[in-house]
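> Model the structure of this input:
(2 chains)
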Amino acid sequence: MTTFNKYFDELRETKVWRSVFRGGTGKSTLRNSMAIQQNVFLHLLSTKVRKRMLEFNATWYLGTLTLGTFGILVITGILLMLYYHPSVPQAYADTKDLQFVVSSGQFLRNLHRWSAHAMVFLVFAHMFRVFYRGAYRPPREFNWVIGVVLLLVTLLLSYTGYLLPWDQLAFWAITVGSNIASAVPLMGDKVRFLMLGGHFVNANALLRFYVLHCMILPLAALFFVAIHFWRIRKDGGLYARHSEPDVVMTTAPARPPL
Amino acid sequence: MRLPDRLEKLRQLFFGDIVRTFGWTSLLLLLLLAVAPAKHFFADWHRYQRGYERLISKRSDAVTLRRHFEPGIQQIWLPEMGVVDRCTTCHSALKETTLKDVTTQPYRPHPVIPHKPEEMGCSICHRGQGAATSVEEAHKSTLAWEEPLLPAKYLESSCGQCHQQDLKGTPQLNLGRQMLSQYGCVHCHTIKRPDGSVITGTDDPPSLAHIADKTTREWIYAWLKDPQAYSTTATMPNFRLSDDDARDISAFLTSSSTPASLKVVQASLDEAKKVKDNAALQTKAASLYGESFCASCHAVQNAAGNLVGGNVGPELTKIGSKAKPEWLQAWVRNPHDYDPPTGMPHYRFTDQEVGELTGFLLAKTDADLLANVHLEAPTPDQIAHGKRLVNDYGCASCHEINGIKRPENFAPELTKIGSKPVNQLAFAPGVPHTLYDYIGAKVKQPRAFGPSLKMPQYTFNAAQIDALVNALLSHDERALTMPAAKTVPALPVSHYEPAGKAGQLINDLNCFECHTINGRGGDMAPDLTWEGSSVQREWLVQFFRNPNTLRPALIRRMPKFNLTDAEINTLTDYIMTVYQSPKIDRDSMPLAGYAPGQVELGKQLYYSKYGCQACHIIDTKQDKGYIGPTLTHVGSRLTAAWIYGWMKDPSMLRPGTQEPKRNMSDEDARALTAFLMSQKGSEKQEAKKR
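Numbers count the residues shown, from 1 in each chain, chains lettered A, B, ... in the order given. Modelled structure (predicted):
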């Protein structure tokens, strides 16, 4: 370990490293904090975390696992996009090709599909955990709202992805789903028309769902995930009951009543 | 160490701290990931390709076979037909004729067929999931694929997707298509061909407008209860009617019948009565029945229970139990009086002959048929109920019935039946869940699918049911979307009508039932489109007067219609003038006067070089050929120009003829013509005829 650390420290002193990472060297708390703060990716995370908050029992890692499945979905999704045409005669043939001729294509599809199921499950588990732990309370109430938005984005990703294989299951599921949307009072039919790009599930619907599934919704998810993470940091790091409950639960509101 | 301690130690080893946990979990995930490439490696097709390489390595022509073999996934891709077939990935030896002895699948070579696999793919004919590369998915019906491989006995249906005409190699399909028309399926079910034309019936179901003139209510009742009890060859299916329903329908049909204008001649009726119960007169009448070649179209059951005769007209075994004498004598005299579009020709029988034949037929009774039928006079309620039943069962889809309109689309349209999704079918218990089993079961026993269904019970044997399944399967989505360049449309229906007085005669004699002229007509007798170029006028006159047999092998023959000289003249003039081939100039070669040397040369060519005696007879003592017409009188029958043209290219004059094209030189053809024109029959016979 020590040898490794020594080499790593030496590496961090090189000119190339210093030109890439703005954090600087040194072992001080300030330097360590800056390594996080000044990195475009890491600055979303808290600069400091209590060690016991990283234990399994603290969070069951549900949020991280959700992010992990999302990562798998993005990677497998991009690979699937290499083989898929969102056009009516071709879409089903392409899924068949994935199954029958693309090397490990079926594995790719299954990985995407099971990760999607797992992500929905994990998102719910995450929310239950947050809810029952009371981690939605101020100052984290807005992050709970972002979480609800992320739940919706996840469900919409699932729903739009369902149509893409273009089989009977897909067709009828979306037909039923879009008919449910048309039950909205006053503007139901317009909503359905907007969703499907027509009155029936057809080529336009397939293209719309493809764009939603591969472009709009993943970008939306990314956007809200970024805010979600950033807010964790800004709202005081991961919520642990033992660190705050007394303050939140027993003291008077921080803001004096008007 | 106690077990819990050991477990604790193991836990420490794998999940003791976060680094270990992370490390071991990663390893586990990596192993799980390795499943994917492993599954790929152990895929069915990999196994079969390795097996094929082993198979060919032991053979003498291993080098050639290995050069033909391409490893990896193979596919036939025909975008214009929507074909992506990867069958050749495992079926590697489809084109390897040297592997004929290999019978194990998937290495069997394909039997010889007119199409190349790379032109058509595999799934167009065999169905199944062409894109699949695993055995189960490619051949069977799965959750995501409802079209399993077709069993071999239904393969002919696939030919019918493109070929709307009959093919030599598809007897089952041809039979099935014929049955769709012959058994009247298409009267209730609309079936459109890909070109948009509708299949029409050929069964000619009789009009029931004057049914009470023709037969009794008792016979109608017995017929409705079980048509096959009257005639085993009846095309009318069994509607499984209850006694009351049959009683009420028969009541309605007789009460709605209107009188036809029948010509009743008392002399004929008297003669018929005499003949009916007199054995000697019966024998005489039987020979008239034979001479008139009634048996060419009508069958009668003989003592051994075998049907003897043609199947163009209805079976006559029990006609005496059915037909009323007044109607029968009028029908024999001139069938057009009762049913103008009938296929039965108008023989010019004398009243005496009409009586004889009527008596002969009236004697053909079956005492058991109507023995137990006793019907009271019908009540108005029964008649009204009968009318309702006639509407319910769609009787008017086939029969003309007074007061009932022909229903449109009485039964479901079958234009796309061959690609009907299995999930839209309601299966009877015990029927395997495939489309072809469904169709077969439905045709075999329609009411098994529900007692309230209206489809009647036919009496088809297994081969007929398979034929029908073949014909129906060919009407599928693919047939409708096949590129026009790939399809062979049905022969256009000819509506040719001969003109004038001769035209009336031709229709009156129903020549088209047996002969084809200009694309219209039957195939029982020769095509007469170019008859005027072919035969000599004198012979034709004689032939009408007394038709003799040209082909010794045939049982069905031209009947004698007892035409008057004036009628014969009209017909002969018309045929000689109108039915002329533009390719033959009848008068370009003389009918007689050929040099003896040329005749002798022709004789040698006939017997040695071309071996014509294999099929034809000239010397009745020695020649044994009986496939082609007898040529003993050919010199007085055919024109020389026709014989010459026939020698040069027979199928140009009559497409589809069995006569082979021999690529004769002009000299040979001329010599043979000279020889054949010298065959005028014996002087004695000629004199006798005159």
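
> Please enumerate the helices of the stretch 401-550 of chain B.
Ranges of helices in the stretch 401-550 of chain B, per DSSP state H, counting those that start in this stretch, are B:435-444, B:462-473, B:477-481, B:500-508, B:531-534, B:537-545.

> Which one, of the ones you listed, ends up nearest to residue A:184?
Minimum separation from residue A:184 across the helices of the stretch 401-550 of chain B (C-beta to C-beta) falls at helix B:477-481, 36.7 Å. Bear in mind the C-beta positions are built from the backbone N, C-alpha and C, glycine included.

> Could you give the average pLDDT over that closest one?
Mean pLDDT, computed over helix B:477-481, is 89.

> Contacts for that helix, please.
Residues outside helix B:477-481 that contact it (C-beta atoms under 8 Å, 6 or more residues apart in numbering or on different chains): B:82, B:124, B:160-162, B:194, B:415-416, B:418-419.

> Output those of these also counted as contacts of chain A.
Subset of these in contact with chain A: residue B:82, counting by C-beta under 8 Å from any C-beta of the partner chain.

> Chain A: which of the contacts of helix B:477-481 is nearest?
residue B:82 (7.7 Å; C-beta to the nearest C-beta).

> Pretty sure residue B:307 sits against residue B:295.
No - applying C-beta atoms under 8 Å as the test, residue B:307 and residue B:295 come out as separate, 10.4 Å apart.

> can you list the helices of the stretch 401-550 of chain B in TSV and add mean neighbour count?
What follows is the helices of the stretch 401-550 of chain B, written out as TSV (neighbours: other C-beta atoms under 10 Å in any protein chain shown):
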stretch	mean neighbour count
helix B:435-444	21
helix B:462-473	23
helix B:477-481	17
helix B:500-508	16
helix B:531-534	22
helix B:537-545	16
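
> With distance to residue B:591 added, can I get those in JSON lines?
Below are these laid out as JSON lines (distance: least, C-beta to C-beta, whole Å):
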{"stretch": "helix B:435-444", "distance to residue B:591": "57"}
{"stretch": "helix B:462-473", "distance to residue B:591": "49"}
{"stretch": "helix B:477-481", "distance to residue B:591": "52"}
{"stretch": "helix B:500-508", "distance to residue B:591": "25"}
{"stretch": "helix B:531-534", "distance to residue B:591": "13"}
{"stretch": "helix B:537-545", "distance to residue B:591": "10"}
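
> Out of those helices, the one nearest residue B:254 is which?
Here helix B:500-508 is closest among the helices of the stretch 401-550 of chain B (C-beta to C-beta), at 30.5 Å.

> what packs against that closest one?
helix B:565-578 (3 or more C-beta pairs under 8 Å, 6 or more residues apart in numbering or on different chains; DSSP states H and E).

> Return the distance of the helix or strand that the helix it packs on is followed by from the chain's centre.
Per DSSP states H and E, the first helix or strand lying C-terminal to helix B:565-578 is helix B:596-604. When C-alpha coordinates are averaged (C-alpha atoms, centre = their mean, to the nearest Å), helix B:596-604 and its chain have centres 45 Å apart.

> How about stretch B:39-47?
So, by C-alpha atoms, centre = their mean, the centroid of stretch B:39-47 is 46 Å from its chain's centroid.

> does chain A sit close to that stretch?
Yes - Stretch B:39-47 lies within reach of chain A by C-beta under 8 Å from any C-beta, at B:39-40.

> end to end, how far does that stretch reach?
Start and end residues of stretch B:39-47 are separated by 12 Å (C-alpha to C-alpha, to the nearest Å).

> returning to what we had before: between residue B:307 and residue B:295, point out the one with more neighbours.
When neighbours are counted by other C-beta atoms under 10 Å in any protein chain shown, residue B:307 and residue B:295 differ, and residue B:295 comes out ahead with 18 against 15.

> count of neighbours near the closest residue to that one other than its chain neighbours?
Leaving aside its chain neighbours, residue B:295 sits nearest to residue B:309 (3.9 Å; criterion: C-beta to C-beta, 6 or more residues apart in numbering or on different chains). Residue B:309: 21 surrounding residues under other C-beta under 10 Å.

> Low-confidence regions, the stretch 1-150 of chain B specifically.
B:1 (pLDDT under 70).

> so where do the strands sit in it?
If DSSP state E, counting those that start in this stretch is used as the criterion, the strands of the stretch 1-150 of chain B fall at B:76-78, B:83-85.

> Nearest to chain A among those would be which one?
strand B:83-85 (6.6 Å).

> what's the closest non-adjacent residue to the residue of the stretch 51-200 of chain A found nearest chain B?
The nearest approach of the stretch 51-200 of chain A to chain B comes at residue A:107, 3.6 Å away (C-beta to the nearest C-beta). The shortest distance from residue A:107 to any residue other than its chain neighbours is 3.6 Å, reached at residue B:36 (C-beta to C-beta, 6+ apart).

> pretty sure that neighbour contacts residue A:102?
No - counting by C-beta under 8 Å, residue B:36 does not reach residue A:102; the two are 11.4 Å apart.

> Number of residues surrounding residue A:126?
Count around residue A:126 with other C-beta under 10 Å applied: 21.

> Run through the residues that contact it.
Residue A:126 neighbours (C-beta under 8 Å, 6+ apart): A:62-63, A:66, A:147.

> Could you verify that it is part of a helix?
Yes - assessed with DSSP: H, G, I helix; E, B strand; the rest coil, residue A:126 lies in a helix.

> any idea how far residue A:142 is from it?
The gap separating residue A:126 from residue A:142 is 17 Å, by C-beta to C-beta, to the nearest Å.

> got it, and residue A:106?
42 Å.

> Need the residues that contact stretch B:237-246.
Counting by C-beta under 8 Å, 6+ apart, B:183, B:221, B:224-228, B:249, B:389, B:393, B:447, B:456-459 sit against stretch B:237-246.

> what pLDDT, on average, does it get?
92.

> What's the local residue count around the residue of the stretch 251-400 of chain B found nearest chain A?
Going by C-beta to the nearest C-beta, chain A is nearest to residue B:394 of the stretch 251-400 of chain B, at 34.0 Å. As a burial measure, residue B:394 scores 19 neighbours (other C-beta under 10 Å).

> How about it: what's its closest non-neighbour residue?
Residue B:394's closest residue in space is residue B:410 (C-beta to C-beta, 6+ apart), at 3.9 Å.

> What of residue B:501?
residue B:570 is the one closest to residue B:501 (C-beta to C-beta, 6+ apart), at 5.4 Å.

> Surely that neighbour and residue B:505 touch.
Yes - using C-beta under 8 Å, residue B:570 makes contact with residue B:505 at a distance of 6.2 Å.

> and chain A, which residues reach chain B?
Near chain B, when you scan chain A using C-beta under 8 Å from any C-beta, you find A:54, A:89, A:93, A:96-97, A:99-101, A:103-104, A:106-107, A:167.

> Only whichever of those are buried, select them in ChimeraX.
The ChimeraX command for the buried members of those (criterion: 16 or more other C-beta atoms under 10 Å in any protein chain shown) is given here:
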select /A:96,97,99,100,101,104,106,107,167
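
> in stretch B:310-328, what counts as buried?
B:310, B:312-328.

> out of these, which are inside helices?
B:319-322, B:325-328 (DSSP state H).

> residues touching the nearest residue to residue B:440 once chain neighbours are set aside, list them.
Once flanking residues are discounted, residue B:440 sits nearest to residue B:469: 4.9 Å by C-beta to C-beta, 6+ apart. Contact partners of residue B:469, counting by C-beta under 8 Å, 6+ apart, are B:154, B:157, B:176, B:436, B:439-440, B:443.

> Right, I'll leave it there.
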